[in-house]
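K.L.:
structure of the sequence below:
(one chain, ligands or ions: 1)
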Amino acid sequence: MANDIEYDRYDRIRPIRWTGAALELLDQRKLPFAVEYLTAATSDEVAGAIHALAVRGAPAIGIAAAWGAVLAARDIDAGDGAAALAKLEPALQRLNAARPTAVNLAWALARMRRALAGAGGDWRDVLEREAQAIATEDLAANRRMGEMGAALIAPGSGVLTHCNTGSLATAGFGTALGVIRAGVAQGRIGKVFADETRPWMQGSRLTVWELQQDGIDATLIADAAASHLMKSGQVDWVVVGADRICANGDTANKIGTYQLAISARHHGKKFMVVAPSSTVDMDTPSGDLIEIEERDPSELLGVSGSRTVADGIQAWNPVFDVTPAALIDAIVTEKGIVEHPDAERMKAIFGA
Ligand SMILES: CSC[C@H]1O[C@H](OP(=O)(O)O)[C@H](O)[C@@H]1O
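P.N.:
Down below sits the predicted model:
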């Protein structure tokens, strides 16, 4: 750790709590004005919470789904893991269908299946240990990525981030927000900007609130102000998370990321993607093959329950977009940094 900096003070939010009998989820639809946990007692309740964005963020939905598999196991009897897997598969499919773009959901469920396949009579304990391992490994990866990403940022830099990639979106500490936490703690980042991230407002409702809990000042900007901010010279890096990183480095992330990358390149700013290796999908060759989630257009027709658009107006609501690898300066994962990513450089770290 850089200078043995104590990061715990930067990492007190836990959006996912396993009680041993149920999963408690910090309901992110109610933040920042209400900190309330909902209790999911079944795998289908977990799937519903993922789809409704009560729990959100690529790593967090993978972790929640893993615990959902543990909850599904409570409803079946089986002599070994293989028999259990056959009975669990319908519930695992419903969990997998909760959201399509973030690969972490499918990755976590595939890992739970692999753990079950070789398990004997203790398959329930194996399943629970695997879910806990996924969460524990994610937190460790975030702490490591924070250090690795911060090391790329020169002291006194300004940073713009998009959406929410913090403790709320992970097992803790965050991905892009983990780099910002580490960069602030090391004195490398002097100014943090967060954009609002319409339509779900992850930036204005979640990111600036999360940083406020740490005592880190962040300045909120309108999404539309991002290019003007970069032109003003106040930021040196744009640092974002990811939902799926393809074999050639193309990266799916929250809608609006692509235009930030275009503007960053135009203004000579560096563009960093931060994500654990569980977000890397070497089975998808390029970004044009990623399924982009489209949510209910009504999310665009109002704010906080108040309608802002005349009746009868149509809306199109894709909630992710794909940034081509050519616009990315560095992809930071806990397994290594891919600078100027392309298929060859991705393969060097993640294999075929
Ligand atoms: C570390 S979270 C990664 C990713 O997840 C978010 O999407 P959503 O809020 O819809 O779950 C956003 O794209 C973040 O960048």
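
K.L.:
ignoring the adjacent residues along the chain, who's closest to the residue in the stretch 251-352 of the chain that the ligand sits nearest to?
P.N.:
Closest contact between the stretch 251-352 of the chain and the ligand, by C-beta to the nearest ligand atom, is at residue 254 (3.4 Å). For the C-beta atoms, the positions are set from N, CA and C on the backbone; glycine is no exception. With sequence-adjacent residues excluded and distances taken as C-beta to C-beta, 6 or more residues apart in numbering, residue 254 is closest to residue 163, at 3.8 Å.

K.L.:
per-residue pLDDT of the one you found, please?
P.N.:
As predicted, residue 163 sits at a pLDDT of 98.

K.L.:
on the three-state scheme, it is what?
P.N.:
With DSSP: H, G, I helix; E, B strand; the rest coil as the basis, residue 163 sits in coil.

K.L.:
ok, now which ones touch the residue of the stretch 251-352 of the chain closest to the ligand?
P.N.:
Remark: with contacts taken as C-beta atoms under 8 Å, 6 or more residues apart in numbering, residue 254 is in contact with 162, 163, 197, 202, 240, 241, 243, 319, 320, 321.

K.L.:
for the stretch 51-200 of the chain, which residues are neighbours of the ligand?
P.N.:
For the stretch 51-200 of the chain, the residues in contact with the ligand (C-beta under 6 Å from any ligand atom) are 56, 57, 58, 59, 163, 165, 169, 170, 175.

K.L.:
please indicate which of these are buried?
P.N.:
56, 57, 58, 59, 163, 165, 169, 170, 175 (16 or more other C-beta atoms under 10 Å).

K.L.:
measure how far the helix or strand residue 349 falls within is from the centre of its chain, please.
P.N.:
With elements taken from DSSP states H and E, the one containing residue 349 is helix 343-350. Centroid separation for helix 343-350 versus its chain: 22 Å, with C-alpha atoms, centre = their mean, to the nearest Å.

K.L.:
swap in stretch 173-186?
P.N.:
Here the centre of stretch 173-186 is set off from its chain's centre by 14 Å, with C-alpha atoms, centre = their mean.

K.L.:
likewise stretch 132-140?
P.N.:
Using C-alpha atoms, centre = their mean, the offset of stretch 132-140 from its chain centre is 14 Å.

K.L.:
kindly report the same for stretch 195-202.
P.N.:
What separates the centre of stretch 195-202 from the centre of its chain is 15 Å, taken as C-alpha atoms, centre = their mean.

K.L.:
buried ones in it?
P.N.:
Quick answer for stretch 195-202 (16+ other C-beta under 10 Å): 195, 196, 197, 198, 199, 200, 201, 202.

K.L.:
end-to-end on stretch 171-191?
P.N.:
25 Å (C-alpha to C-alpha, to the nearest Å).

K.L.:
quick check: mean pLDDT of that stretch?
P.N.:
For stretch 171-191, the mean per-residue pLDDT is 97.
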